[in-house]
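Asks: build me a structure from this.
(chains A, B, C, D, E and F)
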There are 4 protein chains.
Amino acid sequence: MTTGTDPERSRGRPRSPESHRAILAATREVLDEVGYVRLTVEGVATRAGVGKSTVYRWWPSKSALVLEAVGSALAAPPRPTGDVRADIRAVLANIVEDLRGPLAVTLLALGSDALHDAPAAAEPVDLLQADRGAVQDMIEDAGRRGDLPADVDADLLLDVCVGTLLYRLLCRRPTEDVVDRLVDLVVEGRIPRTGPETEPT
Amino acid sequence: MTTGTDPERSRGRPRSPESHRAILAATREVLDEVGYVRLTVEGVATRAGVGKSTVYRWWPSKSALVLEAVGSALAAPPRPTGDVRADIRAVLANIVEDLRGPLAVTLLALGSDALHDAPAAAEPVDLLQADRGAVQDMIEDAGRRGDLPADVDADLLLDVCVGTLLYRLLCRRPTEDVVDRLVDLVVEGRIPRTGPETEPT
Amino acid sequence: MTTGTDPERSRGRPRSPESHRAILAATREVLDEVGYVRLTVEGVATRAGVGKSTVYRWWPSKSALVLEAVGSALAAPPRPTGDVRADIRAVLANIVEDLRGPLAVTLLALGSDALHDAPAAAEPVDLLQADRGAVQDMIEDAGRRGDLPADVDADLLLDVCVGTLLYRLLCRRPTEDVVDRLVDLVVEGRIPRTGPETEPT
Amino acid sequence: MTTGTDPERSRGRPRSPESHRAILAATREVLDEVGYVRLTVEGVATRAGVGKSTVYRWWPSKSALVLEAVGSALAAPPRPTGDVRADIRAVLANIVEDLRGPLAVTLLALGSDALHDAPAAAEPVDLLQADRGAVQDMIEDAGRRGDLPADVDADLLLDVCVGTLLYRLLCRRPTEDVVDRLVDLVVEGRIPRTGPETEPT
DNA sequence: ACATAAACGAGACGGTACGTCTCGTCTTTTG
DNA sequence: CAAAAGACGAGACGTACCGTCTCGTTTATGT
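Replies: The predicted structure is shown next:
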């Protein structure tokens, strides 16, 4: 058995990386300018200097295209330092940063598009999977170290964090200091208050 | 929506209540069968045995139509009894009940539709306004009575509850016992755990 | 059974005669300018100031559209005078006049388009039906009057006339004096010669 | 000018005769199955087991390809025997035989394709050039021998024969005994009749 | 034998037009 | 005069081919 050359893979003209990149970039631009619903595949193709068929050759639908375009633009979650509060805080801030602007709404639209027939909004939600995974690790580490109860329900805490942030972002409510209060709540059970800023213990 | 007796409006042939009701009912049916995106005004009109223009005469757009159809099917929040935990629990259960099935997804789609140009997903979110208001009252009452800190941030607690539930519903994660744990978290600051059911103090 | 008002036919907005006419006119213009193959339905719609769907609502395909547009522009056959030679001559001259310019070629294209699956090039050929019918009447009248054999094969003579003219038009061979010689041939059996003009008996 | 061995041309891999033949054969097959308009170069290439560019390397267009494929399948005109009537009859029968089936329609389509911009449908008509030339020779010979007038207009008689046959073939009218009657008409000026078969002199 | 060079298969590319669909508006007749 | 019917202008959808353009491969020739 010879290695190296794979005759199956090397037939025909190879995919143009320029087109691939140009299409994703154009998708992100159009998304920022007109939003998901008003984005058209034809518009993306024109902007990318590409034929419409090239888009459809590689992405089966508008939603798949946007999903990849959006996913490829998300920031990676920051590396954990060991300080539970600070680490979770950083990841949540990362999420807030990513979903500012049109991305939160795009996520909505993607979700509703993906749910036409599918049983669950799995794909779009997976966009935040990296962040979710990071927080999950932190919570479980904290549980193991005793900073949180050993049998903490990481899953629910995660949903509290992400769900709350998403909801506020969608409703355009401020999210500035919410991250801190959320961390207070899920890590220490401190009920959020108005008035003075939370002072860490 | 109160109509009352409006002498200006009552010239000529009055609005047909049958059509109104038939359109809303048809909208709900179509919504259940094919989902928001695949729902067409033409389809609703046909199903309701009504002309398309009759729909557009009373609702400016597909999203407005669906919004009212969905809104008119939501359950009213239960009346408070004075027991914070039980009351909040009941309202949250009410929300979960309402958003089972296709309604959560429809909310998504409505939100993304409403956000084409609008600054905020105000309308669709208002669907839950009754529930939100009920919980807000409860939290503030509890603050006043001392069951919760007097300066509790009701707004954020609300978002934690609703956001978490919405998020889990959209991702089709189970929401059975989440309501109890959420109440524990926002009322008593109890970090949720896996394993044994929460036992109230 | 009541006559007069037909409730089935008179519901809804009636077809716009302006659009109908504008579409046919635009079709003829585009046909003259770019020919059948390069004519696009989209181009016709734009030129007519009409939505593409309005074209497709009334004509199932490009070929059907062009067929009607071309047919509606053909001249009616002249009225017979009783002089066989002169009458047939006039109708053939009419055909030549109609098929000058791009129409002969369009007829070709229509024929080949219509024959995708259809058993015969029936439709496009029917464009000349009025002319064919006129000549047929003349030949049969002449047979009855004794100017031609009583059992003359009008059908074949017709095909000789029309087929020869079409063929020469398509090959862009001159058709000026061919009409006279054809009449000589089919009415009197006079073999066509080069050189001096035919002088009638 | 002899070509012989051309050192300039003979470098590199020579044209594959298998591909050449396979492409023409595939073209004829596809033509029979779906007709000219629905024939695609891509389909022909696939059927021939050949790359699309190999087709385009040797034929500039679909019409050129079909032209050659069709032309290479036509029967050669029969050799003349000296009997004008019998000889012309044989050639016309040859034409009828060739143009049975989808070929007449293909000729139409080729003609209309060739006439996109070109001034005359020269090429496709040349397909029948061999037959036309044969008949022309016969008519002129007959003129010289006195069987026909010396200054007979061979060109027009030719067009009468070919035009009539083509037209009838396209309209799917029977062409069985038409050949005989046509010969009667163009050679002897006998007006065609219905009823009893023509009996030769 | 081995480099050179053209033809080959595969198939991606930028385009164009297709025919379908739905949108929200407009224009009739009917009740 | 509202409702029903349905035609209308607009424009995006996803598909099918077009003819061109790389690719890596094959097959001759000419050194």
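Asks: I figured A:Asp131 hits A:Ile95, correct?
Replies: Yes. Contact criterion Cβ atoms under 8 Å: A:Asp131 and A:Ile95 qualify, at 5.2 Å. From N, CA and C alone the C-beta is placed, and that goes for glycine too.
Asks: give the intersection of the neighbour lists for those two.
Replies: A:Val162 (Cβ atoms under 8 Å, 6 or more residues apart in numbering or on different chains).
Asks: who are the neighbours in contact with A:Ala75?
Replies: Counted by Cβ under 8 Å, 6+ apart, A:Ala75 has contacts A:94, A:97-98.
Asks: how about these in JSON lines, adding distance to D:Leu169 and secondary structure?
Replies: Converted to JSON lines, the contacts of A:Ala75 look like this (distance: Cβ to Cβ, whole Å; DSSP: H, G, I helix; E, B strand; the rest coil):
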{"residue": "A:Asn94", "distance to D:Leu169": "76", "secondary structure": "helix"}
{"residue": "A:Glu97", "distance to D:Leu169": "75", "secondary structure": "helix"}
{"residue": "A:Asp98", "distance to D:Leu169": "70", "secondary structure": "helix"}
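Asks: before we move on, back to that, which of A:Asp131 and A:Ile95 has more residues huddled nearby?
Replies: A:Ile95 (25 against 22; other Cβ atoms under 10 Å in any protein chain shown).
Asks: wait, a helix at the more buried one?
Replies: Yes. The assignment for A:Ile95 is a helix, going by DSSP: H, G, I helix; E, B strand; the rest coil.
Asks: what residues are up against it?
Replies: A:Ile95 touches A:128, A:131, A:162, A:165, counting by Cβ under 8 Å, 6+ apart.
Asks: let me know the closest of those to DNA strand F.
Replies: For these, the minimum distance to DNA strand F (Cβ to the nearest atom of the strand) is 24.7 Å, reached by A:Leu128.
Asks: what pLDDT does the model give that closest one?
Replies: pLDDT for A:Leu128: 83.
Asks: list phi and psi for it.
Replies: Dihedral angles phi and psi of A:Leu128 (degrees, to the nearest 10) take the values phi -90, psi 10.
Asks: what's the answer for A:Pro102, then?
Replies: Dihedral angles for A:Pro102 - degrees, to the nearest 10 - are phi -80, psi 0.
Asks: count the residues that sit near it.
Replies: 18.
Asks: isn't it right up against A:Asp32?
Replies: Yes. Taking Cβ under 8 Å as the definition, A:Pro102 is a contact partner of A:Asp32 at 5.8 Å.
Asks: can you list the residues of chain A near DNA strand E?
Replies: Proximity of chain A to DNA strand E is confined to A:11-16, A:19-20, A:49-54, A:57-58 under the rule Cβ under 7 Å from any atom of the strand.
Asks: pick out the most distant pair among the residues you listed.
Replies: A:Arg11 and A:Gly49 (26.3 Å; Cβ to Cβ).
Asks: more neighbours: which of those two?
Replies: Neighbour count, other Cβ under 10 Å: between A:Arg11 and A:Gly49, A:Gly49 has more, with 11 against 8.
Asks: nearest to chain D: which residue in chain A?
Replies: Per Cβ to the nearest Cβ, A:Gly12 is where chain A lies closest to chain D, at 9.4 Å.
Asks: how far away is that residue from D:Gly51?
Replies: Applying Cβ to Cβ, to the nearest Å, the value for A:Gly12 to D:Gly51 is 9 Å.
Asks: these two: who's more crowded?
Replies: D:Gly51 (13 against 7).
Asks: isn't the more buried one right up against D:Ala45?
Replies: Yes. D:Gly51 lies in contact with D:Ala45 (Cβ under 8 Å); the separation is 6.3 Å.
Asks: what comes into contact with whichever strand or helix holds A:Leu31?
Replies: According to DSSP states H and E, A:Leu31 maps onto helix A:17-38. Among residues not part of helix A:17-38, those counted as contacts by Cβ under 8 Å, 6+ apart are A:39, A:43-45, A:47-50, A:54-55, A:58, A:65-66, A:68-70, A:72-73, A:101-102, A:105-106, A:109-110, B:112-113, B:115-117.
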